[in-house]
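[1] Fold the following for me, if possible:
(2 chains)
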Amino acid sequence: MDNRPVQLERHPIREFYQQNSKTLNAFLMCVLVFILGEIVIGAVMGAHGTFLSVSQVFLTIRLAAFVALFGLCQQLVICVGGGGLDLSVGYIATLTGICAGHIMNGQNSGVLLSVLTALAIGGFFGLCNGLLTAYLKLPSLVVTMAMANIVQGIVNAYVSKVAIEGNAAPALQWLAARFTGVFPNILIVVVLVTAVMMVLFRRTSLGVRILGVGANENTAYLSGVNVKRVRCAAFVASGILAALIGLLLLGYLGHASKDMASNYVMPSIVAVVVGGVSINGGEGNYLSVVLGAVVLQSLTNLFVALGWGDAGKWLGYGLILLVMLAAYIRNKRKR
Amino acid sequence: MNDKKLIKRLASRAETSTVLILVVMIAIIACLQNNFFTVRTMLSYINSFTPLILLAMGQAVVIIAGGLDMSCGTTMALLLCIMTRIMDPERPVTGLYALVAGLAAAAVIGAVNGFAVGYLRLPAVIATYATSYIWLGIALFVTPTPGGKVVDWFRGFYDLKNIPSLAGIGQFVPSALLWVLLACAIWWVVRRTKTGRYIYAVGSHNDNAYDSGINTAKIQTAAYLLNALFCFFVAVYYAGQNGAGNANLGDSLTLQAVASAVVGGVAMSGGKGSVFMAIAGALIMSLVGRIIYFANIPNAYQTFVSGIIIIAAIATSSVYSFQQRRAQLKGGVRNG
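    As a prediction, this is how the structure comes out:
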């Protein structure tokens, strides 16, 4: 009788694929879209079109950066579970941008005060969202949509009394809008954030707690995690991040406007889903969200190049979101 | 003694609070507006409140069935755009084509929503959020900028006085009222069929309903189809009123429809509530808007206040149903 333990064969490649399948899928989609874009543009525009060139790719990534950053807000809120989404990030960013523009007025010295203002604004509205969602258990999509209306109302009221003025500080503009050679500076922010997020989620206890709450609320509760507090904190973090992104947007655009950030909200949700972050929470990594944002932005460029404009963009986003939802997120079939 | 019991029974019903709030609202606005009780004011209110009433009724059906529809506004806009594109004032028969096309499109929209939520079992909130953008995109394809035409007799859908032969009736009966009555009649009939009963069952507890042999996916699809039908009514109404299509017309209506249903006593968890009470909810939401106007609060604050009211409405409903559940548990199974 052979009592030796069986040596199971390990397939490192298969393990790698299984652990990172969603990220790899997102990366594959990126490549696919680029190739598709190249083919379509080549067919439509003949010899003139090139979809794929180093500068084009970097430009796409630059545009995608903001969607990716807003996607971070969504990912935090989604990961803590309970079907969370944050639709108010757009107007929080807008409000912060408008206020910051006033404060900074084109000077670098105003940056610190702007950042503090951003923390206050984002934190306040994030807290409102968090309390309503986590403690009162109201559905987050509806709550954050209503909160977006509220912040929009504040923006409208502000704008009707005081004209928007003030430019972004040069430092902010350098970070958000300028290039070093071919490399857009905003990528520094994205890369930094990606690194921080990967460390946070995989190595720190806070990250584990966040993912735990999302994966199984009851287990986390029984393990001593204050589920409501973690969920509320996720919304607060989302609000603060949204406000800081508002500052970056201000730098990117030069000066604020009433609808600065409203077009970024829906793509940020789609980017998160495309990136394979489970809507039910508990899994997902930020790198795939960034890749999802790039996929989305390339598709948008494709639609624009084909002349489909806004209509095609919304239709495309809606379809992609629906298809990716069907592909990745299904309530586990108990029957 | 009997009176006391009656009052107690009335007070414990959820609908009582809704009706009370409605009465208070009407009282407030009657104070603020001098000519509130005139026929002209009433008519103009009925005309402007009807879209929200119909959308709220449709939303109520879907929420009772256990789902949610974040796409009702853009659905309505898409149907409106399709119909105004098809119609040609030179040929009155195109109005008929438009109605058929609109109805068919509504069926497709309802089927898609129902398929996504019922059969694919995607979370209703985000699935209909996705489909709302699909409808918006198609609507923008059909009508990139507000435009389109409407056949003359179509305008009768907004005001019967526009049709010469019906002008007599049009003096007394606003089209808007007829639309609401039609929707109420449809729901009254549905409510008494098996489907109507099953809608409540599926919304109340999806798994139990399934185990009882109900085809939950089909029932939820039916709910979404009914909702799409009511959106179609609103689209026809708007076509009669504006004579043109606008892809962005429904933007603010979706959230208001949800809030109206909730204010009307429909529980967001599903399985509870009355579509007729959703009418009261829609009236309350609309009257609040009017009160803001008459209290001289500047227009810029409107979105702000409406957002707060929506949150307050949903929060109250959630707290109320939580209290009810707790009371039921305490009171024992008999009261449940």
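
[2] would you put the C-alpha positions of stretch B:166-180 in PDB?
    Listed next in PDB are the C-alpha coordinates belonging to stretch B:166-180 (Å, rounded to 0.1, in the frame of the first residue of the first chain):
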ATOM      1  CA  LEU B 166     -65.300  66.200 -30.100                       C
ATOM      2  CA  ALA B 167     -65.000  69.800 -29.100                       C
ATOM      3  CA  GLY B 168     -68.200  69.600 -27.200                       C
ATOM      4  CA  ILE B 169     -67.000  67.000 -24.900                       C
ATOM      5  CA  GLY B 170     -63.600  68.700 -24.800                       C
ATOM      6  CA  GLN B 171     -65.200  71.600 -22.900                       C
ATOM      7  CA  PHE B 172     -65.900  69.400 -19.800                       C
ATOM      8  CA  VAL B 173     -63.500  66.500 -20.000                       C
ATOM      9  CA  PRO B 174     -59.800  67.000 -20.300                       C
ATOM     10  CA  SER B 175     -57.900  64.400 -22.300                       C
ATOM     11  CA  ALA B 176     -55.500  64.100 -19.400                       C
ATOM     12  CA  LEU B 177     -58.300  62.800 -17.200                       C
ATOM     13  CA  LEU B 178     -59.200  60.200 -19.800                       C
ATOM     14  CA  TRP B 179     -55.700  59.000 -20.000                       C
ATOM     15  CA  VAL B 180     -55.500  58.500 -16.200                       C
END
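
[3] Does the longest helix seen in chain B reach chain A?
    If you go by DSSP state H, chain B has its longest helix at helix B:302-331. Yes: for helix B:302-331 and chain A, the contact criterion (Cβ under 8 Å from any Cβ of the partner chain) is met by B:302-308, B:310-311, B:314-315, B:318-319. Yep, even glycine has a C-beta here, placed from its N, CA and C like the rest.

[4] again with stretch B:67-82
    Yes: for stretch B:67-82 and chain A, the contact criterion (Cβ under 8 Å from any Cβ) is met by B:68, B:70.

[5] In the stretch 51-200 of chain B, what residue lies closest to chain A?
    Residue nearest to chain A within the stretch 51-200 of chain B (Cβ to the nearest Cβ): B:Gly137, separated by 2.5 Å.

[6] which of the residues in the longest helix of chain B are buried?
    Burial within helix B:302-331, assessed by neighbour count using 16 or more other Cβ atoms under 10 Å in any protein chain shown, is assigned to B:302-311, B:313-315, B:317-318, B:321, B:324.

[7] coming back round to it: the residue of the stretch 51-200 of chain B closest to chain A and A:Lys313 touch, don't they?
    Yes: counting by Cβ atoms under 8 Å, A:Lys313 is a contact partner of B:Gly137 at 7.3 Å.

[8] More neighbours: those two, which one.
    The neighbour count for B:Gly137 versus A:Lys313, taken as other Cβ atoms under 10 Å in any protein chain shown, is higher for B:Gly137 (25 against 22).

[9] what does the stretch 51-200 of chain B put close to chain A?
    If contacts are counted using Cβ under 8 Å from any Cβ, the residues of the stretch 51-200 of chain B sitting beside chain A are B:68, B:70, B:116, B:120-123, B:125-127, B:129-141, B:144.

[10] Quick one: mean pLDDT for the host helix or strand of B:Ile279?
    B:Ile279 belongs to helix B:275-294 when assigned by DSSP states H and E. Confidence over helix B:275-294, taken as the mean pLDDT, stands at 86.

[11] Is B:Gly67 located within a helix, as I assumed?
    No: assessed by DSSP: H, G, I helix; E, B strand; the rest coil, B:Gly67 does not belong to a helix; its assignment is coil.

[12] dump the residue contacts of it.
    With contacts defined as Cβ atoms under 8 Å, 6 or more residues apart in numbering or on different chains, the neighbours of B:Gly67 are B:117, B:124, B:128, B:203, B:220, B:223-224, B:270.

[13] where does the stretch 51-200 of chain A have low pLDDT?
    Applying pLDDT under 70 to the stretch 51-200 of chain A flags residues A:51-52, A:182.

[14] Which single residue in it comes nearest to chain B?
    Distance from chain B to each residue of the stretch 51-200 of chain A (Cβ to the nearest Cβ) is smallest for A:Gly153, at 2.5 Å.

[15] Next secondary structure after the strand or helix carrying A:Gln18?
    Applying DSSP H and E as the criterion places A:Gln18 in helix A:12-19. Moving toward the C-terminus from helix A:12-19, the first helix or strand encountered (DSSP H and E) is helix A:21-45.

[16] How about that following helix, which residues are buried there?
    Those buried within helix A:21-45 under the rule 16+ other Cβ under 10 Å are A:22-27, A:29-30, A:33-34, A:37-38, A:41.

[17] Tabulate these (TSV), appending pLDDT and distance to A:Pro184.
    Supplementary listing: the buried residues of helix A:21-45 in TSV, determined by pLDDT from 0 to 100; distance: Cβ to Cβ, whole Å:
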residue	pLDDT	distance to A:Pro184
A:Lys22	76	26
A:Thr23	78	22
A:Leu24	79	25
A:Asn25	79	25
A:Ala26	78	20
A:Phe27	81	20
A:Met29	81	22
A:Cys30	79	17
A:Val33	79	19
A:Phe34	78	18
A:Gly37	75	19
A:Glu38	75	21
A:Ile41	71	22
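
[18] Need the max-distance pair from these.
    Pairwise distances across the buried residues of helix A:21-45 (Cβ to Cβ) peak at 28.2 Å, for the pair A:Lys22 and A:Ile41.

[19] Throw together a PyMOL command that grabs the buried residues out of the residues of the stretch 51-200 of chain B next to chain A.
    One line in PyMOL is enough to select the buried ones among these; burial here means 16+ other Cβ under 10 Å:
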select buried, chain B and resi 68+70+116+120+121+122+123+125+126+127+129+130+131+132+133+134+135+136+137+138+139+140+141
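
[20] Now intersect the residues of the stretch 51-200 of chain B next to chain A with the helices, please.
    For these, membership in helices holds for B:125-127, B:129-141, with DSSP H as the criterion.

[21] Tell me which two in those residues are the farthest apart.
    Looking at those by Cβ to Cβ, the two members farthest from one another are B:Val125 and B:Phe141, with 25.5 Å of separation.

[22] where does the stretch 201-336 of chain B have low pLDDT?
    B:320-321, B:324-325, B:328, B:330-336.

[23] From A:Leu319, how far out is the closest residue to B:Ile279 other than its chain neighbours?
    Using Cβ to Cβ, 6 or more residues apart in numbering or on different chains and skipping residues adjacent in sequence, the residue nearest B:Ile279 is B:Ile53, 5.3 Å away. In this view, B:Ile53 and A:Leu319 are 32 Å apart by Cβ to Cβ, to the nearest Å.

[24] neighbour-wise, which of those two wins?
    Neighbours of B:Ile53 and A:Leu319, each counted by other Cβ under 10 Å, are more numerous for B:Ile53; the result is 27 against 16.

[25] Look up the pLDDT of the more buried one for me, please.
    According to the model's per-residue confidence, B:Ile53 sits at a pLDDT of 95.

[26] if I read this right, it contacts B:Gly281, doesn't it?
    No: taking Cβ under 8 Å as the definition, B:Ile53 is not a contact partner of B:Gly281, at 9.1 Å.
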